[in-house]
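Enquirer: I would like to see how this sequence folds:
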Amino acid sequence: MLERPDARVVNWCPPRGAASWRSLSVSVSMVVGLVASGVFLVRLLPQPLRLARTGLMAGVSPLAALNSVITALAWTAYGVTAGLPVVTVVSALATIPSAWTASLLLRSTRRPDWIGGSAWTGVVLSAAVAGRLGFVLAGSVLLTIGPQVVLAVRGTDLRGIAPATMWIALGDASLWGFYGLTVRDGSLIAYGLVLFSSAAIILGRIAASTRARHRQQRAVPPVVAGSRRSTPTIR
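Expert: Next comes the predicted model:
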């Protein structure tokens, strides 16, 4: 025989509101995750397209490209184990443009780049075996964009870098950071913070390098200019 439920339980309303808030939270996180996924994939396209179109590799880090391929595969595995389908699918798709970029940079890839990529692969595999892959991936963005930041800060010729990639990275970082907040994932939050600051630094260096190059192009030595005016025309 069924007993009559307690009157306090019958008249208690918060569960309905709590359920609606949970539904709203799930909806928002799903939308943000989908938008962030699209922005992330779009961000990976300008760099290989620029490399394929111009052939200019000046300022582009081969080590960052290699690490990006390895990290995309690692994020795919992390998404599976953490139960984040959005991260899983997007990371798997990200391996395609990442590998394209790395292949276009093979001519400029040196031994230290191969050693660095191999070392990062070893760290990822060790972390996966130890069950600490999520912890390691929280700092993976330092290895995917860190070498590019170092090269941009030290270099003077940055014509190979696609500025569109870095501009899109600002939005990418903001969206994934917010998505990490909604799903309470520290790895994604850290990814957003590091990527945003790194992209801002690289954009600043690209702007400074472009201004310096334009100043050099406008500067014509007076002697050369005078010699051109004084040189008679030979017919």
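Enquirer: residues touching A199, list them.
Expert: Applying C-beta atoms under 8 Å, 6 or more residues apart in numbering to A199 gives the contacts I145, M166, W167, A169, L170, A173. The way it works is simple: take the backbone N, C-alpha and C, and place the C-beta from them, glycine included.
Enquirer: pLDDT weak spots in the protein?
Expert: 1-26, 28-29, 219-235 (pLDDT under 70).
Enquirer: which stretches in it count as helices?
Expert: Secondary structure of the chain by DSSP state H: the helices cover 7-10, 14-43, 46-54, 62-82, 85-104, 111-130, 133-137, 141-154, 163-182, 186-218, 222-230.
Enquirer: which residues are in contact with the fifth one?
Expert: Put plainly, it is helix 85-104. 33-34, 36-37, 40-41, 44-45, 47-48, 51-52, 57, 62, 65-66, 68-69, 72-73, 75-76, 78-80, 109, 179, 188.
Enquirer: and the helices of the chain, which is most packed in?
Expert: Of all the helices of the chain, helix 62-82 has the most neighbours on average by mean count of other C-beta atoms under 10 Å, namely a mean of 22.
Enquirer: what angle do helix 85-104 and that one make with each other?
Expert: Taking axes from the mean of the first three to the mean of the last three C-alpha atoms, to 10 degrees, helix 62-82 and helix 85-104 form an angle of 160 degrees between their directions.
Enquirer: give the other helices and strands that helix 62-82 contacts.
Expert: Packing partners of helix 62-82 (3 or more C-beta pairs under 8 Å, 6 or more residues apart in numbering; DSSP states H and E): helix 85-104, helix 111-130, helix 133-137, helix 141-154.
Enquirer: could I get the ones you listed in a markdown table, plus columns for distance to G192?
Expert: Listed next are the helices and strands packed on helix 62-82 as a markdown table, based on distance: least, C-beta to C-beta, whole Å:
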| stretch | distance to G192 |
| --- | --- |
| helix 85-104 | 13 |
| helix 111-130 | 20 |
| helix 133-137 | 13 |
| helix 141-154 | 9 |
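Enquirer: quick one: closest of those helices to Q216.
Expert: Evaluated over the helices and strands packed on helix 62-82, closeness to Q216 peaks at helix 141-154, with 18.5 Å, by C-beta to C-beta.
Enquirer: run the chain-centre distance for the closest one.
Expert: Relative to the chain's own centre, helix 141-154 is displaced by 11 Å; criterion: C-alpha atoms, centre = their mean, to the nearest Å.
Enquirer: same check on stretch 34-52?
Expert: 9 Å.
Enquirer: can you give me the end-to-end span of it?
Expert: Length of stretch 34-52, first residue to last, C-alpha to C-alpha, to the nearest Å: 28 Å.
Enquirer: which other residues reach that stretch?
Expert: Stretch 34-52 is contacted by residues 56-57, 60, 86, 89-90, 93-94, 97-98, 100-101, 104-105, 160-162, 164-165, 168-169, 171-172, 175-176, 178-179 when judged by C-beta under 8 Å, 6+ apart.
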